[in-house]
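> here are the coordinates; sequence isn't available:
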């Protein structure tokens, strides 16, 4: 590749000199900086990490992966006797809301097994089971899909509101 000229503001010249000294050359510093910049932009925000959730059971069980940040976890109205149903809400790297609906054993109800209707216990009954992963564009869609309480809606709205971030060189 041919030579490239870069123009540096007088106020940033010392910073570029320091980076060149640390990396061995200005080209090496710029190359490393561009690698880091591209990797961060492709992954989303530095606050986002890889999320892995399982959906389904047995042969139907699928591992789903995406980049995001966990916002909140809510219990939702119970659909299955002897289980606690809930949803974990993630803010994705593409600014959407991924909602993983899961089911946990209700150990208190299982201790009082006589109060439950007759059922066959599945071999994975004692673990968290991922039921589905849904993606939404707004908090209102999440609230409607999972019948969340008003206080849960307010919390989710506050968590989903983007923060203004200032990067300081101090």
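Noted; the coordinates are in hand. Values in this document were obtained by computation on a predicted structure and should not be read as measured data.
> how about residue 133, what does it touch?
Taking Cβ atoms under 8 Å, 6 or more residues apart in numbering, we find residue 133 in contact with 53, 55, 64, 98-101. From N, CA and C alone the C-beta is placed, and that goes for glycine too.
> can you pull out the helices in this protein?
13-23, 26-43, 107-111, 139-146, 150-160 (DSSP state H).
> these: which one's closest to residue 4?
With Cβ to Cβ as the criterion, residue 4 lies closest to helix 26-43 of the helices of the chain, at 8.9 Å.
> so what's the model's average confidence on that closest one?
The pLDDT scores in helix 26-43 average 75.
> got the buried residues for it?
For helix 26-43, a neighbour-count test (16 or more other Cβ atoms under 10 Å) marks 29-30 as buried.
> ok, and what's touching the longest strand along the chain?
Secondary structure of the chain per DSSP state E: the longest strand is strand 62-75. The contact list for strand 62-75, computed with Cβ under 8 Å, 6+ apart, reads 43-45, 47-56, 84-93, 97-98, 133, 146, 148, 152, 155-156, 159-160.
> so, low pLDDT: which residues of the chain?
Where the chain drops to pLDDT under 70, the residues are 1-2, 39-46, 79-80, 109-127, 162-167.
> okay, the angle between the longest strand of the chain and helix 139-146?
Strand 62-75 runs at 90 degrees relative to helix 139-146, counting by axes from the mean of the first three to the mean of the last three Cα atoms, to 10 degrees.
> just checking: what are the partner strands of strand 62-75?
strand 49-55 (antiparallel), strand 83-92 (antiparallel) (DSSP bridges).
> for that strand, list every residue counted as buried.
Within strand 62-75, the residues that count as buried by 16+ other Cβ under 10 Å are 66-68, 71-72, 74.
> re the thing from before, quick one: which of the helices of the chain is nearest residue 60?
Short answer: helix 139-146, nearest of these by Cβ to Cβ, at 21.5 Å.
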